[in-house]
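Visitor: I'll drop the sequence and a predicted model, then ask my questions.
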Amino acid sequence: MRYKESFLSFLWIGLEPLFMFIILYVVFSNIREPREENFAIYLISGIIFYHLFTKGTMTGLTSIKNNQGILKSLAINKNIFPIIAVTTTALLLTVEVGIFFGIMPFVSFIPSWTLIMMPLVIILLLGLILGLSYLLSILYVKIPDIQPIWTILMYALLFVSPIFWSIDQANDILLTIQQINPLGQIIELSHKIVFNEIPDIEEWLKTALMVSAILVIGYIFFKKFEKTIVEEL
Amino acid sequence: MKENSIIVENLIKTFKAPKNFKNKSNLIYALNNISFSLEKGQILGIIGKNGSGKTTLLRTISGIYNATSGNITVNGKLAPVLQIGIGFRNEISCVENIIMYGLLLGLQKNEIKNKINSILEFADLKDFARMKLKYFSSGMRTRLAFATAMQIKSEIFLVDEILAVGDMDFKQKSFDEFMRLKKEGKTIIHTTHNLSAVERFSDKVLFLDKGKQIDIGEPKEIVTKYKKYILGE
């Protein structure tokens, strides 16, 4: 429905991350060290996760407020709205996976067997989006300023997550932020898997713990306010 | 004696007062000690000025709002609160809205598709089936909402001011539909400012003012009382 009003309609699902990739690729492949010929793949895998995260959490954030017409008319299980945000992300994912594999022949990249672990990373991403959607959907009704704040935070996440820089290039500040940035952890896991590396069990556990904590906190918060949130719309 | 369809006992609904509306308790009594019962197949009209608690009463009966205290016993399946265009999406077409609305109301997709023609016919919108809703007038939206909601297999219908808009022809069709539902033993609660309609089509009338139940009883008697009380006639 988001793209229903535009001329190119759902093509934008794929065009958004693709244009973001082209812009960042043109800029960073010229100003940075020619790190490796796989920079394009490194960049697109990071962008896809970042793009899904931003779309998913933004859909989650507005999910209760944008559906107030329905909520004021139907005694409906409100839980479905954050879940719809995750389902939407999963649908976007199918298109973006196509872009990921579509770029490979152009940069002569041969996918590694370790890619079979990617569904685990995707589950972590969807869990993170769901947890944040629970939290943000309620907060946005109570505090409308959350939307611009979240937009700024997502903009910051683009720079502090390992999307166009790698961990071995990061300074202490970026490394410290990376330690507490669940999206950054997820993107780093995806990079390792894409480049034929098996992440350590500690890396998996740490990311899973962060995502679980956000999911539990978000769910508890949502449950606490879901009964009365319609009265505040 | 017929079986009761709805029993409301000492219903109180309060809202937290907004910052600029401070009173001693910091609470607004939207409904203050409402009690009535309705038999199956009866039509209850609710009258009162804007802000008297009519919509809050419908939303509390339907479970959209939680009662602060008191009891509501509902004997049968409740249809959603029917309001003007509520839950509709401007960016999609009339038919797409029917499908979306129908799905939300619990209908199966095939069931909705089979009913699309009869909905469009009832709403007199056959020529506008593919038009986006943003081009619809409030009367067209009302007709669409009413025609779609009437397809729901429910025992109790809650109708909020839906007949305030629309031409005479549609109003007559809607009242005829009410009568058909009544004959089938369905219960209808409707709010309105149209005093002649409420007198003509209701078995009982509930008169609310500032959240308080002023009276309930025979339509003619209550409408006369309302006119004296509110209009000073």
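Guide: Good, I have the coordinates.
Visitor: all contacts plus neighbour counts: C-alpha atoms, from now on.
Guide: OK.
Visitor: ok, the most centrally placed residue in chain B to residue B:74 distance?
Guide: Chain B has residue B:159 as the residue nearest its centroid, 1.6 Å off, counting by C-alpha atoms, centre = their mean. Counting by C-alpha to C-alpha, to the nearest Å, the gap from residue B:159 to residue B:74 is 16 Å.
Visitor: what's the answer for residue A:44, then?
Guide: 55 Å.
Visitor: is any part of the stretch of helix or strand residue A:52 belongs to close to chain B?
Guide: Counting by DSSP states H and E, the secondary-structure element that holds residue A:52 is helix A:39-62. No. Residues of helix A:39-62 are not located near chain B by C-alpha under 8 Å from any C-alpha of the partner chain, the shortest gap being 14.8 Å.
Visitor: how about the residues of chain A by chain B?
Guide: For chain A, the contact set with chain B under C-alpha under 8 Å from any C-alpha comprises A:1, A:4-5, A:67-76, A:227-228, A:230-231.
Visitor: where do the helices sit along chain A?
Guide: Assigned by DSSP state H, the helices in chain A fall at A:11-31, A:39-62, A:68-71, A:80-103, A:118-142, A:146-160, A:172-180, A:182-194, A:201-225.
Visitor: now do chain B
Guide: Secondary structure of chain B, counting by DSSP H: helices at B:54-62, B:94-104, B:109-122, B:138-149, B:168-183, B:195-201, B:219-226.
Visitor: in the third one, what counts as buried?
Guide: Which is helix B:109-122. For helix B:109-122, the buried set under the neighbour-count rule, 16 or more other C-alpha atoms under 10 Å in any protein chain shown, comprises B:112, B:115-116, B:119-120, B:122.
Visitor: give me the pLDDT value at the residue nearest to the spatial centre of chain A.
Guide: When chain A is reduced to its mean C-alpha position, the nearest residue by C-alpha atoms, centre = their mean turns out to be residue A:53, at 1.6 Å. Listed pLDDT for residue A:53 reads 95.
Visitor: give the contact list for it.
Guide: When contacts are counted by C-alpha atoms under 8 Å, 6 or more residues apart in numbering or on different chains, residue A:53 is found next to A:89, A:125, A:129, A:183.
Visitor: let's go with 10 Å and repeat that
Guide: A:47, A:59, A:86, A:89, A:125-126, A:128-129, A:154, A:183 (C-alpha atoms under 10 Å, 6 or more residues apart in numbering or on different chains).
Visitor: ok, back up a step: as TSV, the helices of chain B with distance to chain A would be great.
Guide: TSV is the format used below for the helices of chain B (distance: least, C-alpha to the nearest C-alpha, whole Å):
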stretch	distance to chain A
helix B:54-62	6
helix B:94-104	8
helix B:109-122	18
helix B:138-149	11
helix B:168-183	19
helix B:195-201	22
helix B:219-226	27
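Visitor: now the angle from the helix holding residue A:52 to helix A:80-103?
Guide: Here helix A:39-62 points in a direction 170 degrees away from that of helix A:80-103 (axes from the mean of the first three to the mean of the last three C-alpha atoms, to 10 degrees).
Visitor: CA atoms of helix A:39-62 as CSV?
Guide: As requested, C-alpha coordinates have been extracted for helix A:39-62 and formatted as CSV (Å, rounded to 0.1, in the frame of the first residue of the first chain):
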residue,chain,number,x,y,z
PHE,A,39,33.6,-4.3,-1.8
ALA,A,40,30.4,-4.2,-3.8
ILE,A,41,29.1,-7.4,-2.2
TYR,A,42,30.3,-6.2,1.2
LEU,A,43,28.3,-3.0,0.7
ILE,A,44,25.1,-4.5,-0.7
SER,A,45,24.8,-7.1,2.1
GLY,A,46,25.1,-4.3,4.7
ILE,A,47,22.7,-2.0,2.9
ILE,A,48,20.1,-4.7,2.5
PHE,A,49,20.0,-5.4,6.3
TYR,A,50,20.0,-1.7,7.0
HIS,A,51,17.2,-1.0,4.6
LEU,A,52,15.1,-3.8,5.9
PHE,A,53,15.7,-2.6,9.4
THR,A,54,14.7,1.0,8.6
LYS,A,55,11.6,0.0,6.7
GLY,A,56,10.5,-2.6,9.3
THR,A,57,10.9,-0.3,12.3
MET,A,58,9.3,2.6,10.6
THR,A,59,6.3,0.5,9.6
GLY,A,60,6.2,-0.8,13.2
LEU,A,61,6.5,2.7,14.7
THR,A,62,3.4,3.9,12.8
